[in-house]
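Trainee: I'd like to go over a predicted model; first the sequence, then the structure.
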Amino acid sequence: MSRETLIDLIYLVSATTFLIALKGLGSPRHARRGNMVAAGGMLLAVVATFFKYVDGHALHHVWLILLGIFIGAIVAVPVARFVKMTAMPQLVAIFNGVGGGAAALVSITEFVHIKSSHPATYVTLEVLLGVLIGTVSFAGSSIAFAKLQELMTGRPVTYPGQQIFNGVLGAAALVLIVTILVSGSTVLLWILLALAFVLGVAFVLPIGGADVPVLISLLNAFTGLAVAASGFTLGSNLLIVAGTLVGASGILLTRLMSAAMGRSLSNVLFSAFGSNITASGATEREDGRSVRSGSPEDIGVLLSYASRVVIIPGYGLAVAQGQHVLRELGELLEGKGIEVFYAIHPVAGRMPGHMNVLLAEANVPYEQLVEMDEANTELQTADVALVVGANDTVNPAAMDDKTSPIYGMPIIRADLAENVIFLKRSMRPGFAGIENELLYNPKTLLVFGDAKDTLTKVVATVKAS
Amino acid sequence: MGNALLQYATVLILTIFVGTEIIAKVPSILHTPLMSGSNAIHGVILVGSMLILGSATTNLEMVLGFLAVILGTLNVVGGFVVTDRMLEMFKSKPQERKAKPEEVSE
């Protein structure tokens, strides 16, 4: 077997391990092993690449490659190990961004390298697509990171003529691509790079904090596609397979997420959601309706005498770092023979499935985490729905108020339970800035204060009763 | 248009279908690890970066290639480590309740 065939065979093994990893994610039981298998496959591919011949010679600059890998690894490992779980979305965003950046660099360098040999038009097209998509992903992910890390405002950034400006940018990029295809100019390639960067930033600015999870998922798909484009240029099946897998998964997740919010993808990307809603919410509040508020002790008693409790956590729980106390409360109630479930809305948290990870970190067994549809069935017979730090995902306005911006979003039907308890920091509306009718419902009991403090007091009451 | 291109296109199309099929089966509780795991997988661009740097002939190519290797490594290593950390936390009930004799069934 020739050296090249052997290396290609190893690449095939690596590609297979990636598929195994994704398949492993079908259940929490096999997921971790799958991820390790894929990491092994990746290591194999990297090692094999050191022995590859390019342009008829062995790899040059091997020490430089090793140095680059060393620098990357020494930065990535501590960051990935020690960042808090609530900060996971921005971490995924930034790792995604650097991947997109790498793909763009690979495409540019390849263009510079092969330009003198007058490559076929389709090769140049692959290069340009790689540069465009990779750079948009890099710039977009960086802005998404800044929004999530609160280095800049999480609200949509809008200005007059924004849509037109973005449209012009997109059109300019396409014109530039065609021009480069015809002329083969390297100077124009650098202009395309700059333009793609501006496009990535401009594209992400008007997207509000609540929609950033959908955005990250889409940018993940972009990076995948950029990697696949590089794979075409370099003639590597491994890159094509891996990139396409990620592209497909990103697009699928993006669509699932938009559907979970009852909105179309274009609405998520272009409507600057959340920029002008708080104003209308404020006027509605002045009609003098009152809410029923209670103490943590009231809640402790109410929970102790229930037979079925559904807990509906939102991002506010994670902000208050109350997951561990919540799990303690859940276990206490179970010890009393009370059925306890956690109802998880698909968009709870800051990325798809984020709330599940946060609860898993607090040692909540995954069997107790139920998805929205199942939760809504359970809620019909539940005595208490305990809403902790969630708001929009239980807002009935999504079902009956056609004027509401969240109209059409599937919600968790907390209103179906016999009693509803809200643990809230204040009467302020949630992330999307919309008033919640459920707060004024006579069967709703509100407890104001820090979720962690309140839960600690509730736990004490339940223990005593 | 060469045969090579056709072969790559074949791989692309088949992967789209296989990928969609597999990913549609991932339950929503694992969507965050899925995103992070697929994030790690596109770090395979590191292999591309190595080939680029390994065939660099000018200083410009060397600088760009070197940057690409660093970014690609960040993506691969960071992606896999984060995913592993997340998946490590998903535990089932029996392991969790080892200290307690009264097993609560679903």
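Mentor: Done, it's in.

Trainee: tell me where the stretch 51-200 of chain A has helices.
Mentor: If DSSP state H, counting those that start in this stretch is used as the criterion, the helices of the stretch 51-200 of chain A fall at A:62-82, A:88-114, A:121-148, A:162-183, A:186-204.

Trainee: the third one packs against which elements?
Mentor: Packing contacts for helix A:121-148, counted by 3 or more CB pairs under 8 Å, 6 or more residues apart in numbering or on different chains; DSSP states H and E, involve helix A:88-114, helix A:162-183, helix A:186-204, helix A:212-234. All C-beta atoms are positioned from the backbone trio N, CA, C, and that covers glycine.

Trainee: got TSV for the ones you listed, with mean pLDDT, distance to residue A:21 and mean neighbour count too?
Mentor: Below are these laid out as TSV (pLDDT from 0 to 100; distance: least, CB to CB, whole Å; neighbours: other CB atoms under 10 Å in any protein chain shown):
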stretch	mean pLDDT	distance to residue A:21	mean neighbour count
helix A:88-114	92	16	28
helix A:162-183	91	34	14
helix A:186-204	93	28	18
helix A:212-234	92	14	29
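
Trainee: how many residues are close by residue A:116?
Mentor: Here the number of neighbours of residue A:116 (other CB atoms under 10 Å in any protein chain shown) works out to 7.

Trainee: likewise residue A:46?
Mentor: 20.

Trainee: could you say which helix or strand holds it?
Mentor: helix A:28-49 (DSSP states H and E).

Trainee: mind exporting that helix as CSV, just the C-alpha atoms?
Mentor: Output of helix A:28-49 as CSV, limited to C-alpha atoms (Å, rounded to 0.1, in the frame of the first residue of the first chain):
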residue,chain,number,x,y,z
PRO,A,28,-26.8,10.7,27.3
ARG,A,29,-25.5,7.2,28.1
HIS,A,30,-23.2,6.9,25.0
ALA,A,31,-22.6,10.5,24.3
ARG,A,32,-19.4,10.9,26.2
ARG,A,33,-17.7,7.9,24.8
GLY,A,34,-18.7,9.0,21.3
ASN,A,35,-17.0,12.4,21.9
MET,A,36,-13.8,10.7,23.0
VAL,A,37,-13.8,8.4,20.0
ALA,A,38,-14.1,11.5,17.8
ALA,A,39,-11.3,13.2,19.6
GLY,A,40,-9.2,10.1,19.0
GLY,A,41,-10.1,10.2,15.3
MET,A,42,-9.1,13.8,15.1
LEU,A,43,-5.7,13.1,16.7
LEU,A,44,-5.1,10.2,14.3
ALA,A,45,-5.9,12.5,11.3
VAL,A,46,-3.5,15.2,12.6
VAL,A,47,-0.7,12.7,13.2
ALA,A,48,-1.2,11.2,9.7
THR,A,49,-1.1,14.6,8.1
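
Trainee: what residues of that helix count as buried?
Mentor: The neighbour-count check on helix A:28-49 (16 or more other CB atoms under 10 Å in any protein chain shown) flags A:28, A:30-32, A:34-39, A:41-42, A:45-46, A:48-49 as buried.

Trainee: residue A:82: how many residues sit nearby?
Mentor: By the criterion of other CB under 10 Å, residue A:82 has 8 neighbours.

Trainee: tell me the buried residues in the lengthiest helix in chain B?
Mentor: The single longest helix within chain B, with elements called by DSSP state H, is helix B:59-89. Of the residues in helix B:59-89, B:61-62, B:64-87, B:89 count as buried by neighbour count, 16+ other CB under 10 Å.

Trainee: can you narrow those down to the ones near chain A?
Mentor: B:61-62, B:64-87, B:89 (CB under 8 Å from any CB of the partner chain).

Trainee: dump the helices and strands packed on helix A:121-148 into a markdown table; add distance to residue A:438 as well.
Mentor: A markdown table is the format used below for these (distance: least, CB to CB, whole Å):
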| stretch | distance to residue A:438 |
| --- | --- |
| helix A:88-114 | 27 |
| helix A:162-183 | 34 |
| helix A:186-204 | 32 |
| helix A:212-234 | 23 |
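
Trainee: select, out of those, the one closest to chain B.
Mentor: Chain B sits nearest to helix A:88-114 of all the helices and strands packed on helix A:121-148, at 3.8 Å, using CB to the nearest CB.

Trainee: and the closest one, what does it pack against?
Mentor: Using 3+ CB pairs under 8 Å, 6+ apart, the elements in contact with helix A:88-114 are helix A:62-82, helix A:121-148, helix A:186-204, helix A:212-234, helix A:354-361, helix B:31-41, helix B:45-54, helix B:59-89.

Trainee: please repeat the previous calculation with a cut-off of 6 Å.
Mentor: Packing contacts for helix A:88-114, counted by 3 or more CB pairs under 6 Å, 6 or more residues apart in numbering or on different chains; DSSP states H and E, involve helix A:121-148, helix A:212-234, helix B:31-41, helix B:45-54, helix B:59-89.

Trainee: OK, contacts around the residue nearest the centre of chain B?
Mentor: Nearest to the mean C-alpha position of chain B, by CA atoms, centre = their mean, lies residue B:41 at 2.1 Å. By CB atoms under 6 Å, 6 or more residues apart in numbering or on different chains, the contact list for residue B:41 reads A:18, A:242, A:246.

Trainee: quick check: the last one touching residue A:225?
Mentor: No. The pair residue A:246 / residue A:225 is not scored as a contact, 8.1 Å apart, by CB atoms under 6 Å.

Trainee: flag the shaky bits of chain A, pLDDT-wise.
Mentor: Residues of chain A meeting the criterion pLDDT under 70: A:274-289, A:428-433.

Trainee: who's in contact with whatever residue of chain A ends up closest to chain B?
Mentor: Nearest residue of chain A to chain B: residue A:72, at 2.5 Å (CB to the nearest CB). Neighbouring residues of residue A:72 by CB under 6 Å, 6+ apart: B:70, B:73-74.

Trainee: any idea how far it is from residue A:133?
Mentor: As for residue A:72, its distance to residue A:133 is 22 Å (criterion: CB to CB, to the nearest Å).

Trainee: equivalent analysis for residue A:153, please.
Mentor: 27 Å.

Trainee: give me the more crowded residue out of the two.
Mentor: Here residue A:153 and residue A:133 are compared on neighbour count by other CB under 10 Å; more neighbours surround residue A:133, at 28 against 12.

Trainee: mind listing what that one touches?
Mentor: Applying CB under 6 Å, 6+ apart, one finds that residue A:133 lies in contact with A:222, A:225-226.

Trainee: for it, which non-adjacent residue is spatially closest?
Mentor: With CB to CB, 6 or more residues apart in numbering or on different chains as the criterion, residue A:133 has its nearest non-adjacent residue at 4.2 Å, and that residue is residue A:226.

Trainee: thought residue A:136 was touching the one you found, still the case?
Mentor: No. Counting by CB under 6 Å, residue A:226 stays clear of residue A:136, with 8.5 Å between them.

Trainee: what's the per-residue pLDDT of the closest residue to chain A within chain B here?
Mentor: Shortest chain B-to-chain A distance, computed as CB to the nearest CB: residue-wise this is residue B:73, at 2.5 Å. Predicted confidence (pLDDT) at residue B:73: the value is 97.
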